[in-house]
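Visitor: next one to model:
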Amino acid sequence: MGFTVNTSEEQNTTYEYDYDEDLFPPCDMGSAKVFGGSFLPVLYSLVFVFGLPGNILVLWILLKLKRLKNMTNIYLFNLALCDLLFVVTLPFWAYFAANEWIWGDAFCKIITVVYLLGYFGGIMFIILISIDRYLAIVHAVFSVRGRTARNAIISSAVMWCVALFSSLPTMIFNKTASIDGRKVCHTFFPAGNASSWKLFTLFKDNVLGFFVPLAVMIFCYARIIQTLLKNKSYKKHRAIRVIFTVVIVFFVFWTPHNVVAFLESLKELNVFSGCQLRLHLNIAQQVTESITFVHCCLNPVIYVFFGERFRSQLLRIVRSCLLSLLRYKAHGQCINFAPRDFATSVRSQTSGDHESSTFM
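Guide: Residues are numbered from 1 along each chain as shown. Below you'll find the model as predicted:
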C-alpha cells in the first residue's frame with residue numbers, strides 16, 4: 001500500500017512516496033510523511049479500540065441468540081464480520097505508519113487482502129441491508145417468500161465475491177520493497193501501464209465504493225419514507241430519523257474521500273500537475289480515507305443499537321452482570337441475565353415483515 005491504508009491502489013502503504021518515478025519527477029513528500037507518521041497511528045488505534053468491541057458484541061449477540069434465521073440478521077452479521085476483518089488489520093498499519101513493514105512479503109499480501117475484503121465487503125452489505133429494508137417495508141406482502149435465510153446466504157456469497165473481485169488488483173500487485181532504506185508494503189503496478197491501472201482502480205473505487213451504494217440508498221430510503229408517511233401504523237417519525245441518519249452518515253464519511261479520489265484521477269490524466277498539488281492530495285488522501293474508517297465503528301450503532309428493544313435488553317444484560325459481580329465479588333458469574341426474555345424481545349422485534357427489524 002502507498003497509503004493511509006488506501007483503497008486506491010496507488011496508496012497501499014502508509015505514505016505516497018511517488019514510487020513510480022517513470023511517471024512523475026521526484027517530489028519531496030517529507031511533510032506528508034511526517035504528517036502520516038504522527039496522525040495515522042493515533043487514528044488507526046482509536047478506530048481499532050472502538051470498532052473491535054462493538055462489532056464483536058454484534059456478532060456475539062446474533063450467534064448467542066441464534067438469530068441468523070432471517071435476511072436482516074444475516075446481513076447484519078456479515079456487515080459486522082466485514083468491519084471486524086477491517087479493524088483487526090489496523091494495528092499493523094498503525095505500526096507501519098510510524099515505522100516500517102517488518103512482517104514480510106506473504107503477510108503483506110494477507111493483511112492487505114483481509115483489509116480490502118473488510119473494506120469493500122462492508123460497503124456491499126450496506127447495499128444489501130438497504131435493499132432488504134426496501135423490500136420489507138415497501139413490498140412487505142410480495143417479498144415474504146423472497147426474504148428467506150437461503151436467499152440471504154446466496155446474496156451474501158455473491159457480495160463476498162464482488163468484494164473479492166474489487167480487491168484483485170491489490171492482491172496481485174501488492175508486495176514489499178525497500179524505498180529510501182525503509183521497508184514498505186505497497187502496490188507496484190507493472191511498469192509502462194501503471195497510470196492505466198491507477199485510473200482503473202480509482203474509477204472502480206469511486207463507482208463500487210460510493211456512487212452505487214449512495215444511489216441504492218437514496219432510492220430505497222426515499223421509497224421507504226414515502227411508504228411510512230402513508231401508513232400511520234408505523235412509528236414513522238423515529239423510523240424516518242433513523243433513515244436520515246443512515247444516509248447522512250454514509251454521505252458525510254465517504255464523500256470527502258471520493259472527491260479526493262476524483263481529483264487524483266484528474267492528476268493521472270494530467271489535467272493538472274505540480275509538486276505542491278501532489279503533496280496536498282497526498283495529505284488529503286490520508287485524512288479523508290481515515291475519516292471513512294470511522295464508519296466501521298458507527299455501523300453497530302446505526303444498524304443495531306438504534307433498535308429500541310435491542311438497546312434496552314443490552315442495558316438489562318449489563319445491569320444484571322454488574323449486580324452479579326457485586327453480589328458474588330467474582331468474575332464469570334454473569335450467566336443469569338434472563339436470556340429467555342432477551343431472546344423473546346429480539347424475536348418480537350425481528351418477526352414479521354411489517355416490523356422495522358433489528359436496527360430500525
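Visitor: average model confidence for stretch 303-311?
Guide: Mean pLDDT, stretch 303-311: 65.
Visitor: this protein: helices as residue ranges?
Guide: 30-64, 71-88, 90-98, 104-138, 149-173, 194-206, 212-230, 236-268, 275-293, 295-300, 308-328, 339-350 (DSSP state H).
Visitor: could you give the mean pLDDT of the last one?
Guide: Helix 339-350 shows a mean pLDDT of 39.
Visitor: contact partners for residue 255?
Guide: Residues near residue 255 by Cβ atoms under 8 Å, 6 or more residues apart in numbering: residue 210. Every C-beta, even on glycine, is put in place using the N, C-alpha and C of the backbone.
Visitor: recalculate using a threshold of 6 Å.
Guide: Neighbour list for residue 255: empty [criterion: Cβ atoms under 6 Å, 6 or more residues apart in numbering].
Visitor: and it, how far from residue 144?
Guide: In this view, residue 255 and residue 144 are 36 Å apart by Cβ to Cβ, to the nearest Å.
Visitor: for the helices of the chain, which one sits closest to residue 184?
Guide: helix 90-98 (7.9 Å; Cβ to Cβ).
Visitor: figure out how far the closest one is from the centre of its chain.
Guide: Counting by Cα atoms, centre = their mean, to the nearest Å, helix 90-98 is centred 18 Å from the centre of its parent chain.
Visitor: output the contacting helices and strands for that helix.
Guide: Helix 90-98 is packed against helix 30-64, with contacts defined by 3 or more Cβ pairs under 6 Å, 6 or more residues apart in numbering; DSSP states H and E.
Visitor: and the helix it packs on, what's buried?
Guide: For helix 30-64, the neighbour count (16 or more other Cβ atoms under 10 Å) marks 32-33, 35-36, 39-41, 43-44, 46-48, 50-52, 54-55, 58-59, 61-62 as buried.
Visitor: for that helix, name the packing helices and strands.
Guide: By 3+ Cβ pairs under 6 Å, 6+ apart, helix 30-64 packs against helix 71-88, helix 90-98, helix 275-293, helix 295-300.
Visitor: next, format those as JSON lines and append mean pLDDT, mean neighbour count and distance to residue 120.
Guide: Compiled in JSON lines, the helices and strands packed on helix 30-64 are given as follows (pLDDT from 0 to 100; neighbours: other Cβ atoms under 10 Å; distance: least, Cβ to Cβ, whole Å):
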{"stretch": "helix 71-88", "mean pLDDT": "91", "mean neighbour count": "24", "distance to residue 120": "8"}
{"stretch": "helix 90-98", "mean pLDDT": "91", "mean neighbour count": "22", "distance to residue 120": "16"}
{"stretch": "helix 275-293", "mean pLDDT": "82", "mean neighbour count": "20", "distance to residue 120": "12"}
{"stretch": "helix 295-300", "mean pLDDT": "83", "mean neighbour count": "23", "distance to residue 120": "12"}
